[in-house]
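**Student:** Sequence below, structure please.
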Amino acid sequence: MDLDSKVAVITGASRGIGRAIAEALSGQGMRVVLAARSSDLLEQVARTCVSEVATFPVDLREQDAPQRLIDFAVQRFGRVDLLVNNAGATKRGDFFELTEDDWHDGFALKFYGAVRCTRAAWPALMKSGGSIVNIVGIGGRTGSAEFAIGGAVNAAVLNFTKVMADRGVSDGVRVNAINPGPIRTDRLTVRIKRLAEEQGIPEEQAAGVMAEQMRVSRFGEPREVADVVVFLASSGASYCQGAVLDVDGGLTRTL
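**Tutor:** Okay, here's the model as predicted:
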């Protein structure tokens, strides 16, 4: 994949999809900088990686945090070849029960975190001819009553992906996005447990019921998203610019 010894910065790297991305890129020989709020969880991920790793505990909702993260990566490894904007979870729930703080928090980490990390990393990515992969979500394309904040934030990040891909044509930086569907992460596990309790059935049966309701054959695994990140970061995706790849088992049926 032509990634050996290159440097990746991964936000939201402490668990789930972010952890799988870190392990997959490390497996390709990339040196990785792992960012998330929990230093303990980051250290756990670092121990599973097989290449050189640096951890940077940080809350990317803080305005200066993205610049500090990128400065750390450049100081540690001398370059940045890949930025994976993966940080950010948004609150689900009925629109009329979501507060102003819920909305601010939803945009603060996922949208503004991606914007600020991109701004901070852009000079280094121009120098290396590198790329950005934004981990977004299918809710940005298909609205859902229970996912008002997440859908709005994801739609904004998708548009931001297109904007920076357009700029990247002239600056020599590739920018693409992935829309994960239902992936077996901690958040999905919580939803499965809730359904199991509501219906009084085992969790695996609840998972099957939920998958059937979504009209997908199964839920995805974090590594399946990570494998697509590896492709988009590689020279094999050199003609992908502004691409949005749905990794969702066919859940998104609209154009």
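**Student:** For the stretch 51-200 of the chain, which segments count as helices?
**Tutor:** Here the stretch 51-200 of the chain has its helices, by DSSP state H, counting those that start in this stretch, at 65-77, 100-106, 112-128, 148-171, 186-199.
**Student:** Let me know the angle separating the helix or strand following the last one from helix 186-199.
**Tutor:** Helices and strands here follow DSSP states H and E; after helix 186-199, the next one along the chain is helix 203-214. Comparing the axes of helix 203-214 and helix 186-199 via axes from the mean of the first three to the mean of the last three CA atoms, to 10 degrees yields an angle of 100 degrees.
**Student:** what helices or strands is helix 203-214 leaning on?
**Tutor:** Contact analysis of helix 203-214 by 3 or more CB pairs under 8 Å, 6 or more residues apart in numbering; DSSP states H and E lists helix 186-199 as its packing neighbours. Placement of C-beta: from N, CA and C, glycine included.
**Student:** got the CA positions of the helix it packs on in PDB?
**Tutor:** Only the C-alpha atoms of helix 186-199 are listed here, as PDB (Å, rounded to 0.1, in the frame of the first residue of the first chain):
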ATOM      1  CA  ASP A 186     -19.700   0.500  22.100                       C
ATOM      2  CA  ARG A 187     -22.500   2.900  21.000                       C
ATOM      3  CA  LEU A 188     -24.200   0.200  18.900                       C
ATOM      4  CA  THR A 189     -23.800  -2.300  21.700                       C
ATOM      5  CA  VAL A 190     -25.700   0.100  24.100                       C
ATOM      6  CA  ARG A 191     -28.600   0.300  21.600                       C
ATOM      7  CA  ILE A 192     -28.700  -3.500  21.200                       C
ATOM      8  CA  LYS A 193     -28.800  -4.000  25.000                       C
ATOM      9  CA  ARG A 194     -31.600  -1.400  25.300                       C
ATOM     10  CA  LEU A 195     -33.700  -3.300  22.700                       C
ATOM     11  CA  ALA A 196     -32.900  -6.600  24.400                       C
ATOM     12  CA  GLU A 197     -34.200  -5.300  27.700                       C
ATOM     13  CA  GLU A 198     -37.300  -3.700  26.100                       C
ATOM     14  CA  GLN A 199     -38.300  -6.900  24.400                       C
END
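**Student:** still on that earlier bit, looking at the helices of the stretch 51-200 of the chain, which is buried most?
**Tutor:** Greatest average neighbour count among those goes to helix 112-128 (a mean of 21), per mean count of other CB atoms under 10 Å.
**Student:** re earlier: and the helices of the stretch 51-200 of the chain as a markdown table, adding distance to M1?
**Tutor:** Formatted as a markdown table, these follow (distance: least, CB to CB, whole Å):
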| stretch | distance to M1 |
| --- | --- |
| helix 65-77 | 18 |
| helix 100-106 | 34 |
| helix 112-128 | 16 |
| helix 148-171 | 20 |
| helix 186-199 | 28 |
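**Student:** For those helices, give me a markdown table that also has distance to V9 and mean pLDDT.
**Tutor:** Below are the helices of the stretch 51-200 of the chain laid out as a markdown table (distance: least, CB to CB, whole Å; pLDDT from 0 to 100):
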| stretch | distance to V9 | mean pLDDT |
| --- | --- | --- |
| helix 65-77 | 5 | 98 |
| helix 100-106 | 22 | 96 |
| helix 112-128 | 7 | 98 |
| helix 148-171 | 16 | 98 |
| helix 186-199 | 22 | 89 |
